[in-house]
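[1] let me see the structure of the following:
(2 chains)
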Amino acid sequence: MSTPYVALLVVTFALHALLIGFVLAGTAYVAIRGLRGGDDPLAAASRDWLPFALGAAITAGVAPLLFVQVLYQPRFYTANLLLFVRWLAIVPALIVGFYALYLGKSARAAAWSARARAAVATLALACFVFVAWSWIEDHALAMQRDPATWAAHYGRGALRHRDPTIAPRLAMWLGVAAAVWPLGMLYAAPGVAPRRLAAIALGGLAVAALGAALAAGATDARSVIDVAAARGWLYGLAAATAALALAWGAVALGRAPARGAIAAATVALALTLAGAREAMRAAAIDPRLATRVEHAQGLPLFVAALALGGAAIGWCLVIARRATRG
Amino acid sequence: MDPSTSVPFYPVVEFGPAMRGLAIGAVGIVHVFLAQFAIGGGMLLTYLQWRAGRGDDLARRFIGSFFKYLVLVSFVAGALTGVAMWLMTIQVGPRTIGLMVDEFHWVWATEWVCFFVEVVAGYTFLRVGDRLSDALRLRLLALYTGAAIASLFWINGILAWQLTPGDWVRTHDLWAGFWNPSFWPSLGYRLAVAATLAALAAILVVGTLELPRADRHRLVSVIARLMLPMLAMPVFGLWFMAVIPDDSRRWLTGGSVAMSMFLGIAAGATLLIGAYALVGLVWKHLYASGATAALLLALAFAATAAGEFVREGARKPYTVRGVLYSNAIAPDEVARLRRVGSVADDPYPLRDAARYPNPQLALGARVYRAQCSACHTLAGANALVELMGGWGLEQQRLNVAQLQRTKGFMPPFAGTAAEVEALVQLVRWEHGDALERAWPASDDPAALARIQAWLDEAGPFAAGAVAP
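    All right, here's what the predicted structure looks like:
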């Protein structure tokens, strides 16, 4: 019975996507502002929160990494192994990017020129885009329907997998990142440049839609859309996208941001996108659980830990909020 | 190919002259060192905050200085080497990590929750700690430490299970595997190590502070108290030695020179640190400079590295005791592979097939890749050419066919007589300066018959294992 695992994969991946989207777009904003020779409160607030957001994103990313191994173990492992050092390079890239974020936030860097700080942010951005590209490449390689392509890949000793969907899918995720980051800014820098945030969010949604369309055009999208489960998620995704576009559209026209509505639509966007992704994967390759997994024990332990951990995290957020307000 | 009886094949990666064990060892040792530092760091900060709440202002000021380093080292490098561990384990032993995930994923997911709490509590303290009351700061640090210890608690059960799976082998009950014989001694030892590492790192930080010497001396004395759990390390160490399998204990206590030597390094380095810390710092209240602390930390790293080598080595010839051999072949698959061949179903071609002058050598290369490359290279670290090259031809055939008798910590050869011969011919070809010469395939039926007899005589089981 794969349902609980798929559900957990969807929810935890959505959480990861929200956090990593904030990191990607926030780093890009800081880099672009710096390259233009300036700084602003949005860039400052981003710099301040980026290290924490990346830490949380990586931590959140461990859960989908676990559940994908439960559901698609042979495929995931095979793709990892085929890409080998090219794949392992994501770890040093993340370490460099992580320290670059801390450096960018440090008092020492504050005394540097805008260009120097932009270079640090650009380095971090390059690292994160490389990691995002690598994940998409790994995913595409794992999804190969004919295992003979893996043997051929191995025989060539190739460390790259070329697939026409990789670039548009990267564009889609970068667009999603740009649509997610403004929500974080509504909380991290309340009242600052809402129309600019709206423009970035709407631009992100447009890029994401274009990327998704190009990726669909480069693949056998029709067969996926014909799968009822995937269709449901795609309808939901379209609705969430429309809701988010409307919410930000109102801000672009001069209304005050409705933070609750924007937050709900953004979370819905991440959840439906993660759900559609998993439905498409399940339609292409059946997530058949190993016998061992079907008899695995320990679910009550996890549920109890989740409840206690959630309460502990909630308590941390409460005291952080009180301290910030006080 | 019947999926119910076939061995899952993954593409095999090689790290040049370094064997795969070195690659995972390098990442693992760094991660263990950093992760244990993070746990001990929480213990130290909680203790210092408790003192700060009772008026120790020096302790309060030190918390902020130390926490910065804890965040930069442990939250970044520690967390990411944890991810690296996972990815590297997939590269080195996909079947082993797959089995662990299949069996323990809910425990792992629980550990993830604990880690998430640890990260959130840590960042909350970092961001707003200086605006909180002493009582709240103490609770927050206690939460951070509790979550970090809980994280170790859960992962320790999985790691200890690999060496001493206990009744799990018979019942396949999760809790029988988790509460395995080496769980408590491993946990106790790791917690003592964690406290020690954090104390040494903190003394190193003390050396960097602009404080009067008397204040620094007092801080060192306070911090050194965190090394008191080192007193319990011999107990946990002896307990661990008492519960591990007999053959593992024999390797560590003289049966394998390399493992005994690493055990000696781990014990010796720990003893030196303990003597200095407990006698010099705790009892005599001596001062330790940053340089001394750095030296002790280097010793602690050596002890960690040697200890992890011992822990990994003690499992041989298994990665999961009684369940998977080091080369990711299960004991109950060996008999079948001896009939059908270990690489007959392997879909992955050789990348350098053109290099081999005859099909037998190419077969030998595939056999080497499937059965040997987890722990050996051909001509680099732990090289087959160096280990076997000096043996005579019949000696090579016999020793490979009866691998578990040649060395007790090797798994049984899991292939046909023709595969033994192919591997032997490959090693002979690689050993000589014959790479440029034609190399005729050996096709002596009498030799194959002798090899088959040797295989049959040794049986398809590990040394000391009881036939099912």
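[2] going by C-alpha atoms from here, please, whenever you check contacts or count neighbours.
    Will do.
[3] just confirm residue B:464 is within a strand.
    No. Secondary structure assignment (DSSP: H, G, I helix; E, B strand; the rest coil) places residue B:464 in coil, not in a strand.
[4] which stretches of chain B have low pLDDT?
    Scanning chain B for pLDDT under 70 picks out B:1-6, B:433-437, B:465-468.
[5] show me the helices in the stretch 101-250 of chain B, by range?
    Along the stretch 101-250 of chain B, the stretches classed as helices by DSSP state H, counting those that start in this stretch are B:134-163, B:168-171, B:174-178, B:183-206, B:213-224, B:233-243, B:246-250.
[6] can you get me a residue count around the nearest residue to residue B:377 once chain neighbours are set aside?
    With C-alpha to C-alpha, 6 or more residues apart in numbering or on different chains as the criterion, residue B:377 has its nearest non-adjacent residue at 4.7 Å, and that residue is residue B:383. Counted by other C-alpha atoms under 10 Å in any protein chain shown, the residues lying close to residue B:383 total 20.
[7] cool, residue B:339 as well?
    A count of neighbours around residue B:339, defined by other C-alpha under 10 Å, yields 12.
[8] name the nearest residue to it, sequence neighbours excluded.
    Among residues not flanking residue B:339 along the chain, residue B:416 sits closest, at 6.1 Å (C-alpha to C-alpha, 6+ apart).
[9] my read: the one you found touches residue B:338, true?
    Yes. Look at residue B:416 against residue B:338 with C-alpha atoms under 8 Å: they come within range, at 4.6 Å.
[10] more neighbours, those two?
    Each of residue B:416 and residue B:338 has its neighbours counted (other C-alpha under 10 Å); residue B:416 has more, 23 against 20.
[11] which phi and psi values does the more buried one adopt?
    Dihedral angles phi and psi of residue B:416 (degrees, to the nearest 10) take the values phi -80, psi 170.
[12] next, the contact list for it, please.
    Listed by C-alpha atoms under 8 Å, 6 or more residues apart in numbering or on different chains, the contact set of residue B:416 reads B:337, B:338, B:339, B:340, B:341, B:342, B:452.
[13] list just the nearest of those to residue A:47.
    In terms of C-alpha to C-alpha, no member of the contacts of residue B:416 lies closer to residue A:47 than residue B:342, at 54.6 Å.
[14] for the closest one, give me its contacts.
    For residue B:342, the contact set (C-alpha under 8 Å, 6+ apart) comprises B:367, B:370, B:414, B:415, B:416, B:419.
[15] can you get me a residue count around the first one?
    Look at residue B:367: counted by other C-alpha under 10 Å, it has 24 neighbours.
[16] same check on the last one?
    Using other C-alpha under 10 Å as the criterion, residue B:419 is surrounded by 27 other residues.
[17] thought residue B:362 was touching it, still the case?
    No. Counting by C-alpha under 8 Å, residue B:362 is not a contact partner of residue B:419; they are 10.5 Å apart.
[18] okay, and which of the contacts of residue B:342 map to helices?
    Using DSSP state H to define helices, the subset of these located there is B:367, B:419.
[19] relative to chain A, which of the contacts of residue B:342 is nearest.
    residue B:370 (14.6 Å; C-alpha to the nearest C-alpha).
[20] contacting residues around that closest one?
    B:12, B:327, B:342, B:343.
[21] repeat that for residue B:91.
    A:77, A:80, A:81, A:84, B:12, B:13.
[22] number of nearby residues for residue B:352?
    The local packing of residue B:352 (other C-alpha under 10 Å) involves 12 other residues.
[23] and residue A:281, that one's in a helix?
    Yes. Assessed with three-state DSSP, residue A:281 lies in a helix.
[24] measure it to residue B:101 for me?
    Residue A:281 is 21 Å from residue B:101, where distance means C-alpha to C-alpha, to the nearest Å.
[25] likewise residue B:51?
    Between residue B:51 and residue B:101 the distance is 42 Å, computed by C-alpha to C-alpha.
[26] quick one: which of those two has more around it?
    Each of residue B:51 and residue B:101 has its neighbours counted (other C-alpha under 10 Å); residue B:101 has more, 23 against 18.
[27] list the contacts of the more buried one.
    If you count contacts by C-alpha under 8 Å, 6+ apart, then residue B:101 has A:66, A:69, A:70, B:108 around it.
[28] helices - which of those residues land there?
    Judged by DSSP H, the subset of the contacts of residue B:101 located in helices is A:66, A:69, A:70, B:108.
[29] helix or strand: which one has the residue in the stretch 351-468 of chain B that chain A sits nearest to?
    Taking C-alpha to the nearest C-alpha, chain A has its nearest neighbour within the stretch 351-468 of chain B at residue B:351, 4.9 Å off. Assignment of secondary structure by DSSP states H and E places residue B:351 within no helix or strand.
[30] what ranges does chain A have for its helices?
    A:3-35, A:41-88, A:90-105, A:107-110, A:114-142, A:148-156, A:166-188, A:194-217, A:221-225, A:228-252, A:259-284, A:291-294, A:299-325.
[31] which of those helices has the lowest average pLDDT?
    Comparing mean pLDDT over those, the weakest stretch is helix A:221-225, at a mean of 63.
[32] what's residue B:459 sitting at in phi/psi?
    phi 80, psi 170.
[33] neighbours of it, how many?
    When neighbours are defined as other C-alpha under 10 Å, residue B:459 has 18 of them.
[34] for stretch B:214-228, buried residues please.
    Using 16 or more other C-alpha atoms under 10 Å in any protein chain shown as the test for burial, stretch B:214-228 gives B:216-228.
[35] and of those, the nearest to residue A:306?
    residue B:226 (31.1 Å).
[36] OK, contacts around that closest one?
    Counted by C-alpha under 8 Å, 6+ apart, residue B:226 has contacts B:44, B:195, B:196, B:199.
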